[in-house]
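Participant: test case, fold it:
(one chain, ligands or ions: 2)
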Amino acid sequence: MIKAIILDFDGVIVNTDPFHFNSWKKVLRYYDIQIKFSQKDYNLIKGFSRSVSLNKIIQSHDLQGINSELKSKILQKKNNFFLQSIKYISKENLIPGVEEFIVNNKGIYKIGVASASANATFILDKIGMINLFDVVIDANITNKKKPNPEVYFKCCEKLDLSPKECVVFEDSLNGVYASKSGGFVTYGVGNTEIKDDVDFFITNFLDFKLNDINS
Ligand code: G6P
Ligand code: MG
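Facilitator: Ligands and ions are numbered 1, 2, ... in the order given. Here you go, the predicted model:
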């Protein structure tokens, strides 16, 4: 029996992807790292933690000469650019229908957030939604990052439930690997590239109801 809904943050609750994508482009320019970083490149790192994302960019573009000191500078600067860019983030940046979906299910199901971002709690607080959730687990609390299922396990542990009692909503392939390998029924949201890897797929939360999940 499903007793909880666990949502990924970036791309499922708030549409932060354009902010992340632009911050990566900006930081690569800032350090004069001359590669073409396209939306396709960003999609490949979506859902990974910041430092794993940078390692993937380095590997896939064969960038020599980026030592660990420069890596930490890039990571810090990328986050600074990201934080500057979300200064005016608001409920206008929500994935369509997600707030209504949460509000309508609150009290019927427990509601959790499981994110690979260190900024998830901060942004939920900033847009005035933090109190809607029974538990929020973000990258400040986890050791292993998605695609490892730890963040999802921590979330259901806090809710005192097993994976079989939770349903997960994800938008990135790495996130789907995390939830599926943890044994969670998984809904894909928005990103058609994950359609074949999830149990169910929705474009967004407009008019979506979880009616039949326990019948
Ligand atoms: C999410 C996004 C990723 C982002 C990651 C790191 O998982 O989908 O694209 O790289 O968070 O977040 P942070 O806010 O800690 O840099
Ligand atoms: Mg996501």
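
Participant: partner residues bridging the residue nearest to Asn105 when sequence neighbours are not counted?
Facilitator: Once flanking residues are discounted, Asn105 sits nearest to Ile5: 5.9 Å by C-beta to C-beta, 6 or more residues apart in numbering. Quick note: C-beta positions are derived from backbone N, CA and C, even for glycine. Beta-bridge partners of Ile5, counted by DSSP bridges, are Ile111, Val167.

Participant: residues of this structure that sit close to ligand 1?
Facilitator: Within the chain, the positions near ligand 1 by C-beta under 6 Å from any ligand atom are 10-11, 20, 46-50, 53, 79, 116-119, 139, 172.

Participant: Phe208 and Ile202 touch, don't they?
Facilitator: Yes - with contact defined as C-beta atoms under 8 Å, Phe208 reaches Ile202; the gap is 5.3 Å.

Participant: show me the contacts for Lys46.
Facilitator: By C-beta atoms under 8 Å, 6 or more residues apart in numbering, Lys46 lies in contact with Asp10, Gly11, Asp17, His20, Asp171, Ser172, Leu173, Asn174.

Participant: touching the lowest-mean-pLDDT helix or strand in the chain from outside, list them.
Facilitator: Every helix and strand of the chain was ranked by mean pLDDT, DSSP states H and E. The lowest is helix 39-45, at a mean of 91. Residues outside helix 39-45 that contact it (C-beta under 8 Å, 6+ apart) are Asp17, His20, Phe21, Trp24, Val52, Ser53, Lys56, Ile57, Ser60, Asn191, Glu193.

Participant: low-confidence bits of the protein, can you list those?
Facilitator: Applying pLDDT under 70 to the chain flags the ranges 212, 215.

Participant: residue boundaries of the strands in it?
Facilitator: Along the chain, the segments classed as strands by DSSP state E run 4-7, 110-114, 135-137, 166-170, 185-189, 200-202.

Participant: next, see if the fifth one gets close to ligand 2.
Facilitator: No - contact of strand 185-189 with ligand 2 (C-beta under 5 Å from the ion) is absent, the minimum separation being 8.4 Å.

Participant: spit out the contact partners of the nearest residue to Arg50 once chain neighbours are set aside.
Facilitator: Nearest non-adjacent residue to Arg50, counting by C-beta to C-beta, 6+ apart: Leu75, 5.5 Å away. Going by C-beta under 8 Å, 6+ apart, Leu75 touches Arg50, Ser51, Leu54.

Participant: switch those over to TSV; also include distance to Ile102 and neighbour count.
Facilitator: Below are the contacts of Leu75 laid out as TSV (distance: C-beta to C-beta, whole Å; neighbours: other C-beta atoms under 10 Å):
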residue	distance to Ile102	neighbour count
Arg50	26	23
Ser51	30	15
Leu54	32	22
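
Participant: of the residues you listed, which is the nearest to Tyr152?
Facilitator: Arg50 (19.2 Å; C-beta to C-beta).

Participant: wait, what's in contact with the closest residue to Lys3 other than its chain neighbours?
Facilitator: Of all residues not flanking Lys3 in the chain, Glu165 sits nearest, at 4.6 Å (C-beta to C-beta, 6+ apart). Applying C-beta under 8 Å, 6+ apart to Glu165 gives the contacts Met1, Ile2, Lys3, Ala4, Cys156.
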